[in-house]
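**Student:** The following comprises the amino acid sequence and a computationally predicted model.
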Amino acid sequence: MTSPRETVLTALHALLHTLPATSLRGDVLPERVPAEGLLILRDSEPGEPEVTLSPLCYHYQHRAEIEAVVQGTDRDATFDTLTASIGAAIAADRTLGGLCDWVEAEAPRPVDMPVEGAASLKAAVIPVVLHYSTADPLA
């Protein structure tokens, strides 16, 4: 049986698969970035939960991260389109089909990264806060 944490992260990754960019989970940055961009979901840490008793329930605000990377001559426009599509996808389903209480993305802080012998990369980490509850932190 899959834990609520894994269920929510799998649903977020499935949501990223609906976007035109290539979507990976927990992988290293490949040597080549697809023209439409690359998204890598990092599970990160769930943090300390709020706990309620009777019934016992752990309420998490899990901060996952999406690494968004684009490359090419029009990387500013491509990056803007990619991050806007992430925001629109999350806004269209804030509960990931009822699997969590709320999903909220934070603003990216993009950086340009030079690549020797190739077009520069534009990348950012986009924090995504996943609010969900579980009866057991390990289940």
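**Tutor:** Cool, got the structure. Note that the coordinates shown come from a computational prediction; the quantities given were computed from them, not determined experimentally.
**Student:** which parts of the lengthiest strand in the chain are buried?
**Tutor:** Criterion DSSP state E: the longest strand present in the chain is strand 118-134. The neighbour-count check on strand 118-134 (16 or more other CB atoms under 10 Å) flags 121-128, 130-132, 134 as buried. In this view, the C-beta of every residue, glycine as well, is placed from N, C-alpha and C.
**Student:** ditto for stretch 8-26
**Tutor:** So for stretch 8-26, counting by 16+ other CB under 10 Å, buried means 8-9, 11-13, 15-16, 19, 21-25.
**Student:** what's the answer for stretch 36-56, then?
**Tutor:** Quick answer for stretch 36-56 (16+ other CB under 10 Å): 37-43, 46, 49.
**Student:** what's the most distant pair in the residues you listed?
**Tutor:** Greatest spacing in the buried residues of stretch 36-56, by CB to CB: Gly37 and Pro49 (33.3 Å).
**Student:** ok so, going back, could the buried residues of strand 118-134 be laid out in TSV, adding pLDDT?
**Tutor:** Output for these, formatted as TSV (pLDDT from 0 to 100):
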residue	pLDDT
Leu121	92
Lys122	94
Ala123	95
Ala124	96
Val125	96
Ile126	97
Pro127	97
Val128	97
Leu130	97
His131	97
Tyr132	96
Thr134	94
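**Student:** What segments of the chain are strands?
**Tutor:** 22-25, 38-45, 50-52, 57-71, 102-105, 111-115, 118-134.
**Student:** Any chance of these in JSON lines with distance to Phe79 as columns?
**Tutor:** Formatted as JSON lines, those follow (distance: least, CB to CB, whole Å):
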{"stretch": "strand 22-25", "distance to Phe79": "15"}
{"stretch": "strand 38-45", "distance to Phe79": "11"}
{"stretch": "strand 50-52", "distance to Phe79": "35"}
{"stretch": "strand 57-71", "distance to Phe79": "5"}
{"stretch": "strand 102-105", "distance to Phe79": "15"}
{"stretch": "strand 111-115", "distance to Phe79": "10"}
{"stretch": "strand 118-134", "distance to Phe79": "5"}
